[in-house]
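S.K.: Build me a model from this:
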Amino acid sequence: MFVTKDIKYIGVNDPEISLFEGQYAVPNGMAYNSYVIMDEKIAVMDTVDVYFGGQWLANLEAALEGRRPDYLVVQHMEPDHSANIAVFLKAYPEAVVVSSAKAFVMMKNFFGDDYAERRIVVGEGDTLSLGKHVLTFVTAPMVHWPEVIVSYDAYDKVLFSADGFGKFGTWDAEEEWACEARRYYIGIVGKYGAQVQALLKKAATLDISIICPLHGPVLTENLGYYINLYDIWSSYRPESKGVAIALSSVYGHTAEAVGLLADALEQNGCPKVVVNHLNTGDMAEAVEDAFRYDTLVLAATTYNGDVFPSMREFINHLTERNLQNRQIALMENGSWAPMAAKVMTKMLEGSKNLTFAENTVRILSAVNEENKKQIEALAKELCQKYK
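M.R.: Predicted coordinates for the structure are as follows:
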């Protein structure tokens, strides 16, 4: 597949993978992207996952049409992109590796060799001339590993963005980009919003027509849409108006209360209500919704004088990804000593710019008439800003 006249896609799809990184459900598979720039000299941009080395080398050989590559540019050392470095260098012993200083340290750790005799170390603003194509390197530390660089080709106005602008799903999956890109970003890169903001500021100085990420499709149209979403996500601003409810319930009473709240929110004019069952649902989907909407309701049972484990895990995901700038509401259940609201509040005390609702729903075993009044009051409070 041609990205431009001189840039070819040589990556692979993995349609059979069920869990990416052993934790993220990927119903539409995963893409491991790699590219080759054909010029007076030839640069290969990253490798692919270890299980697809043979297919990738075959793709590369077909793209080369009898020529030999001069450079392997390594932008990111995570194994789904770097696993075939040694294989490539064995197949093409005259090729030189181009990467950051920290990446070569990682190569030593992964492969037992830092390729001191056949490498070029690059940093911020360094260039690599291939002929009419000149790559300019931009450092992107902690997006989302410390060694990351991205590469800009001014001739074709292409940004090779490493894991930035990536998404779950094969590169040709027929699905909305934002949904799986959001889940990918928040799950994998979300902790590093400040670093992504720094990279976006650098990218704003470049004339970009095409973005070539290491996962998902090549982006060629309406780039402002993708860049704007990345700006929202990395600055921790709510993307959409609405209420995300995260629920952990043991015997169904807390779930019943959440159902009543969801109905009350809709009746009071809330533009969107989503409910995630933490015990049985997709945790990554619940985390995505918490970052997407401007209001988050945490509904949980007390458990061992603490909060139910699935809710504790969920809040840990939020705090380690720097959740902020949200309205938070609490619902708790406890048969004799409800503690969930207190525990959840404590877990969130280090998060920035959270506003807690005045109304809290407290259930003692089963939902009663007083709880229904509390639920209605909470719904009215949360919906005030949507009117």
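S.K.: where in the stretch 51-200 of the chain is pLDDT low?
M.R.: Within the stretch 51-200 of the chain, not a single segment meets pLDDT under 70.
S.K.: try 90 this time
M.R.: Along the stretch 51-200 of the chain, the parts satisfying pLDDT under 90 run over 174.
S.K.: Tell me the confidence at the closest residue to residue 241 other than its chain neighbours?
M.R.: The spatial neighbour of residue 241 that comes closest, neighbours along the chain excluded (C-beta to C-beta, 6 or more residues apart in numbering), is residue 271 at 4.9 Å. (Each C-beta comes from the backbone N, C-alpha and C, glycine too.) Looking at residue 271, its pLDDT is 96.
S.K.: can you count the residues close to residue 271?
M.R.: Counted with other C-beta atoms under 10 Å, the neighbours of residue 271 add up to 14.
S.K.: Now do the same contact list for it.
M.R.: Applying C-beta atoms under 8 Å, 6 or more residues apart in numbering, we find residue 271 in contact with 241-242, 386.
S.K.: could you dump the host helix or strand of residue 245 to CSV, C-alpha only?
M.R.: Taking DSSP states H and E as the definition, residue 245 sits inside strand 240-248. The C-alpha coordinates for strand 240-248 follow below in CSV (Å, rounded to 0.1, in the frame of the first residue of the first chain):
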residue,chain,number,x,y,z
SER,A,240,-18.7,15.4,26.0
LYS,A,241,-21.6,16.5,28.2
GLY,A,242,-23.1,13.7,30.2
VAL,A,243,-23.0,11.4,33.2
ALA,A,244,-20.9,8.3,33.3
ILE,A,245,-22.0,5.9,36.1
ALA,A,246,-19.5,3.3,37.4
LEU,A,247,-21.2,0.6,39.4
SER,A,248,-20.2,-2.3,41.7
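S.K.: Okay, now the sheet partners of that strand, with direction.
M.R.: strand 273-277 (parallel), strand 293-303 (parallel) (DSSP bridges).
S.K.: Residue 28 is nearest to which of the ones you listed?
M.R.: With C-beta to C-beta as the measure, strand 273-277 is the member of the strands paired with strand 240-248 nearest residue 28 (20.2 Å).
S.K.: So what touches the closest one?
M.R.: Strand 273-277 is contacted by residues 242-249, 255, 258, 262, 265-266, 282, 285-286, 289, 293 when judged by C-beta under 8 Å, 6+ apart.
S.K.: which among these end up buried?
M.R.: Buried by 16 or more other C-beta atoms under 10 Å: 242-249, 255, 258, 262, 265, 285-286, 289, 293, out of these.
S.K.: re earlier: tell me the helix or strand right after the strand holding residue 245.
M.R.: Tracing the chain C-terminally past strand 240-248 and defining elements by DSSP H and E, one meets helix 253-267 next.
S.K.: How far does that following helix sit from its chain's centre?
M.R.: Centroid displacement of helix 253-267 relative to its chain, using C-alpha atoms, centre = their mean, to the nearest Å, is 30 Å.
S.K.: now do stretch 6-18
M.R.: Using C-alpha atoms, centre = their mean, the mean C-alpha position of stretch 6-18 is found 19 Å from that of the whole chain.
S.K.: buried ones in it?
M.R.: Of the residues in stretch 6-18, those buried (16+ other C-beta under 10 Å) are 6-14, 17.
S.K.: Relative to residue 222, how far out is residue 277?
M.R.: As judged by C-beta to C-beta, to the nearest Å, residue 277 and residue 222 stand 35 Å apart.
S.K.: More neighbours: which of these two?
M.R.: Set residue 277 next to residue 222 and count neighbours by other C-beta under 10 Å: residue 277 wins out with 16 against 9.
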